[in-house]
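S.K.: below are the sequence and a predicted model; questions follow.
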Amino acid sequence: MNFEIELENRTKETESVVKAYLPEESGWAKTVIEAMNYSVNVGGKRLRPMLMAETYKLFGGKDKAVEPFMAAIEMIHTYSLVHDDLPAMDNDEYRRGKKTTWVVYGDAMAILAGDGLLNYAFETALTSFEMSGSSVAAKAKALSILAKKAGIHGMIGGQTADIEAEHLGGTVTQEHLLFIHEHKTAALIQAAMMAGAVLAGASDAQVQMIEQAAYEIGIAFQIQDDILDVTSSLETLGKPVGSDARNQKTTYVTLKGIEEASREQKELSAHAIELLAAFEKEGYHNAFLLELIRSLITRDR
């Protein structure tokens with residue numbers, strides 16, 4: 001397997017799935033829909049829907065019932081970025097090398113675009129109930145996972161703790177920081193992989209193991225993000241670097257230093273791969289999924 005070629009092909013496939021579910025730009029709500037679609041079309045790695053699809057394949061999923069959920073999780077992820085970039089939050093003007101939604105459409109429309117993406121994500125996921133493949137119970141469970149991991153006990157809870165941490169300066173503890181990373185970043189990766197497993201018919205025990213692996217992937221992913229905010233550039237990363245320092249945020253790098261943060265990031269990634277590789281003993285295998293996670297360790301954007 002040539003991973004780079006496979007990654008390019010699967011990114012295109014994922015992109016095609018996501019774009020197929022975007023709303024039509026028409027009617028009195030046209031402007032907010034344009035802002036929603038602009039936000040999604042800015043691009044990105046499409047990591048979460050890809051992880052969902054590959055976990056679905058890991059457990060033998062073959063039909064298209066997963067696709068509305070793939071689009072939904074990318075919409076939820078995108079809405080969180082739209083709101084993250086707002087002046088009241090991180091005040092970022094560029095993302096992935098392009099102007100952020102609030103810069104193009106204004107604060108008010110960016111807020112509405114984020115709200116619209118969140119709501120439309122669930123409208124989209126619900127269309128899976130009209131499709132064959134996966135049981136109704138599995139679809140309902142996947143929907144429940146998506147809602148919880150995106151909500152106050154997931155990503156929004158993490159975002160809340162993150163905002164409050166900005167006013168604590170150097171008193172932010174590792175426990176506090178891990179809560180932020182677990183909920184703000186890892187939660188949607190957990191949602192993606194758990195939903196993929198559930199839709200494919202994985203057992204409760206298997207879904208729990210996926211949840212743990214996804215937690216470790218999410219924490220490792222965020223630590224790498226913290227490292228890149230210090231070591232990368234606008235040209236490479238596609239968004240302003242040094243925003244954590246400007247916003248006086250405590251990160252894994254400020255707490256532990258780049259060397260220790262990098263070591264822990266690699267340990268977490270390696271253990272997550274170990275957990276996923278263990279499914280081979282049960283007859284489940286997805287070589288691309290393992291390589292995808294390995295690639296997160298050394299990503300530069």
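M.R.: Cool, the structure landed.
S.K.: where does the protein dip in pLDDT?
M.R.: Low-confidence segments of the chain, defined by pLDDT under 70: 232-248, 300-301.
S.K.: can you pull out the strands in it?
M.R.: Along the chain, counting by DSSP state E, strands occupy 94-95, 98-99.
S.K.: most tightly surrounded among these?
M.R.: Of the strands of the chain, the one with the most neighbours on average (mean count of other C-beta atoms under 10 Å) is strand 94-95, at a mean of 20. (Glycine included, C-beta is placed from N, CA and C.)
S.K.: show me what contacts residue 170?
M.R.: For residue 170, the contact set (C-beta atoms under 8 Å, 6 or more residues apart in numbering) comprises residue 250.
S.K.: can you give me the helices in the stretch 1-150 of the chain?
M.R.: For the stretch 1-150 of the chain, the helices defined by DSSP state H, counting those that start in this stretch occupy 3-20, 30-41, 47-58, 67-84, 101-105, 107-126, 136-150.
S.K.: between those helices, which one is closest to residue 164.
M.R.: Evaluated over the helices of the stretch 1-150 of the chain, closeness to residue 164 peaks at helix 67-84, with 15.3 Å, by C-beta to C-beta.
S.K.: quick one: the helices in the stretch 151-300 of the chain?
M.R.: Here the stretch 151-300 of the chain has its helices, by DSSP H, counting those that start in this stretch, at 155-165, 174-180, 187-199, 204-231, 234-237, 243-246, 252-277, 287-298.
S.K.: next, the angle helix 287-298 makes with the third one.
M.R.: Computed by axes from the mean of the first three to the mean of the last three C-alpha atoms, to 10 degrees, the angle separating helix 187-199 from helix 287-298 equals 170 degrees.
S.K.: packing partners for helix 187-199?
M.R.: Applying 3 or more C-beta pairs under 8 Å, 6 or more residues apart in numbering; DSSP states H and E, one finds that helix 187-199 contacts helix 47-58, helix 67-84, helix 136-150, helix 155-165, helix 204-231.
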